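K.L.:
Here you go, sequence then predicted model.
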Amino acid sequence: MINKLDSLPKILVPILVLLAYGLLLAKPVNLVTADLGRHIRNGEALLAGNFEVLKTNFYSYTYPDFPAANHHWLGGVIYYLVWKFSGFTGLHIFFIAASLTAFFIFFNIATKRASTGWAGLLSVLVIPLLLERDEIRPEVFSYVFGGIFWWLMLKYRDGEISWKNLLILPVLTILWVNLHIYFFLGFIIVGTFLLESLILKNWAAAKRLGLIFLLTLVASLINPHGLDGALAPFSIFQNFGYRLAENQTVWFIEKILPNPNYFVFKISFLILILSLAARIGLWLSGSKGLTLSSRSDLKKNLTTDIIFTLGFSVAAWLAIRNFTIFSLFALPMAAGNLAQTFNLKTATANWLNRTAITTLILVILIILSGELGTLYPKSQNLQLGLEKDNEKALEFFRENKLTGPIFNNYDIGGYLIYGLPTGEKVFTDNRPEAYPTDFFASTYIPMQTSKKTWDEKSALYKFNAIIFSYRDYTPWGQAFFARILEDPEWKTVFADSRVVILLKNNEINKDIIAKYGQTLKIKVN
């Protein structure tokens, strides 16, 4: 009976952790400012045989022939097929399942390296960071593959599998390079273990891992763009004319956009760094009685852990989009550091397990109560599938047979690509790399900050409609929206909680304006 009770946390803690994370992911899907709509249409177009989507800025009328490689085309195909057969609810469930799969792999590594208690408690800290990337994006595949690569490399290093099992990694690389641009993480993971074997002068392992590393590099060439596709992670920012919040440093963005996750990240980072420092100190001191592994194993762990800690920490500090990948790797490493530093006795370990279970149950109850939003603003009501009335603006445009050319802001591009009538294209969308570098600085932003520039570009492009996501908190977006609502040349015909549609006040649109025209007063600041 005692043995059964002792094993209960090993079952209960993972269930509670996954339940908490899954509940937080089950929030309404908002297409308006997401990339998802474009991913779905990418998959649809590819399956229909239109491979232009892979090569040019297919969806925009401003630069339709501009080179724009689709590095995540296979992710779009998968998302389209899931959406086609099960709708947005099914796609949402698929994404949650993939996210939980990725997290479970890293959680499992954490329990192997430490204990269920340490893994459970640290999960409460890192889950908010995982939610920084909670939109349905192809990058979830990178989290899954990153976990698989690390898990297999650890099992090989620990002698649990043959090196021949690692031959699956080049095969997975072929999938990964076509699913998401983070495929280079596979090189980093294999390369780190290769470096470790060289440092330890384990020449047999180095020879085998060198072969695996070379094969993964070659496998990355198997994509529609060949060498350019394999080098994309290192070249994509060469043509990136729009400054995205997700690509900014922590110390820059925290001064502009308040977010509790900046504080959570700093705490997580400190725990990881201090626990690693304590572990290194313990190893250097020559202390005996270390848990989980022999001193030789601890030395091997240290090599990879130091590299991963420094690499993923720097990545997260330099771009908040890397919070998720940082937290996934930080969880097992911090858990292992703490477990090896504090050689807990059985009674204390049991207390740790009970604390983890109690904490997780409390977190789940708070989530279910709907009160988490008071503590954590990113939390939303539980719901699978699309946010209510999320497609209303698109339906209005189609049902009233409105026509472009359309001016739209950056955020709403993917939404319009998803739902505009066939033949209508966008002015811009949320792919900075799909437009010339100076397009945003010389055209897009000045159009919104200067009425003179707006008038010039409006005459050039002959805009007939404006579709704007007015929760655009950029200074230029707010300035433009406030001004355009007062412009007599434009009349508002549709508005909901996220989108406004305005039509040119001309003869073509007079009947629609007469029927739906309204005076809209919205506070944009």
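P.N.:
Happy to help now that I have it.

K.L.:
Could you use CA atoms for every contact and neighbour count after this?
P.N.:
OK.

K.L.:
How about the spatially most central residue of the chain, nearest residue that isn't a chain neighbour?
P.N.:
For the chain, residue 133 is the residue whose C-alpha lies nearest the centre (C-alpha atoms, centre = their mean; 3.6 Å). Leaving aside its chain neighbours, residue 133 sits nearest to residue 324 (6.7 Å; criterion: C-alpha to C-alpha, 6 or more residues apart in numbering).

K.L.:
Return, as residue ranges, the portions of this structure with sub-threshold pLDDT.
P.N.:
Applying pLDDT under 70 to the chain flags the ranges 1-6, 239, 241, 286-300, 343-349, 351, 369-380, 518-525.

K.L.:
circling back to that earlier point, point me to the helix or strand that includes the residue nearest to residue 133.
P.N.:
For residue 324, the host element (DSSP states H and E) is helix 323-341.

K.L.:
Which positions within the helix or strand just after that helix qualify as buried?
P.N.:
Sequence order places helix 346-369 as the next helix or strand after helix 323-341, per DSSP H and E. Residues of helix 346-369 classed as buried by neighbour count (16 or more other C-alpha atoms under 10 Å): 349-350, 352-353, 355-357, 359-361, 363-364, 367.

K.L.:
these two touch, right, the residue nearest to the centre of the chain and residue 320?
P.N.:
No - at 9.6 Å, residue 133 does not count as touching residue 320 under the criterion of C-alpha atoms under 8 Å.

K.L.:
hang on, the earlier thing: got the angle between the helix holding residue 324 and helix 346-369?
P.N.:
Here helix 323-341 runs at an angle of 160 degrees relative to helix 346-369 (axes from the mean of the first three to the mean of the last three C-alpha atoms, to 10 degrees).

K.L.:
quick one: buried residues of helix 323-341?
P.N.:
323-341.

K.L.:
all strands of the chain, in order?
P.N.:
406-408, 465-469, 490-495, 499-504 (DSSP state E).

K.L.:
and among those, the most buried is which?
P.N.:
Each of these was scored by mean neighbour count; the highest is strand 465-469, a mean of 24, by mean count of other C-alpha atoms under 10 Å.

K.L.:
can you state the direction angle for that one and strand 499-504?
P.N.:
Strand 465-469 and strand 499-504 are oriented at 160 degrees to each other (the same axes, to 10 degrees).

K.L.:
now the angle between strand 490-495 and strand 465-469, please.
P.N.:
Here the directions of strand 465-469 and strand 490-495 differ by 50 degrees (the same axes, to 10 degrees).

K.L.:
measure residue 322 to residue 237 for me?
P.N.:
Look at residue 322 and residue 237: by C-alpha to C-alpha, to the nearest Å, they are 15 Å apart.

K.L.:
out of those two, which sits in the more crowded spot?
P.N.:
Shown here are residue 322 and residue 237; by other C-alpha atoms under 10 Å, residue 322 has more neighbours (21 against 12).

K.L.:
What separation do you get for that one and residue 274?
P.N.:
From residue 322 across to residue 274, the span is 20 Å (C-alpha to C-alpha).

K.L.:
who's in contact with stretch 76-96?
P.N.:
Residues outside stretch 76-96 that contact it (C-alpha atoms under 8 Å, 6 or more residues apart in numbering): 22, 25-26, 29, 39-44, 46-47, 136, 138, 140, 384-386.

K.L.:
Now restrict those residues to buried residues only.
P.N.:
Buried residues within the contacts of stretch 76-96, defined by neighbour count using 16+ other C-alpha under 10 Å: 22, 25-26, 29, 39-44, 46, 136, 138, 140, 384-386.

K.L.:
Give me the subset of the residues you listed that lies in helices.
P.N.:
Cross-referencing the buried ones among the contacts of stretch 76-96 against helices under DSSP state H gives 22, 25, 39-44, 46, 140.

K.L.:
Name the nearest of these relative to residue 441.
P.N.:
The shortest approach to residue 441 among these belongs to residue 39, at 26.0 Å (C-alpha to C-alpha).

K.L.:
For the closest one, which non-adjacent residue is spatially closest?
P.N.:
With C-alpha to C-alpha, 6+ apart as the criterion, residue 39 has its nearest non-adjacent residue at 4.5 Å, and that residue is residue 76.

K.L.:
Neighbours of residue 65, how many?
P.N.:
Other residues near residue 65 number 16, with proximity taken as other C-alpha under 10 Å.

K.L.:
what about it, distance to residue 35?
P.N.:
For residue 65, the distance to residue 35 (C-alpha to C-alpha) stands at 21 Å.
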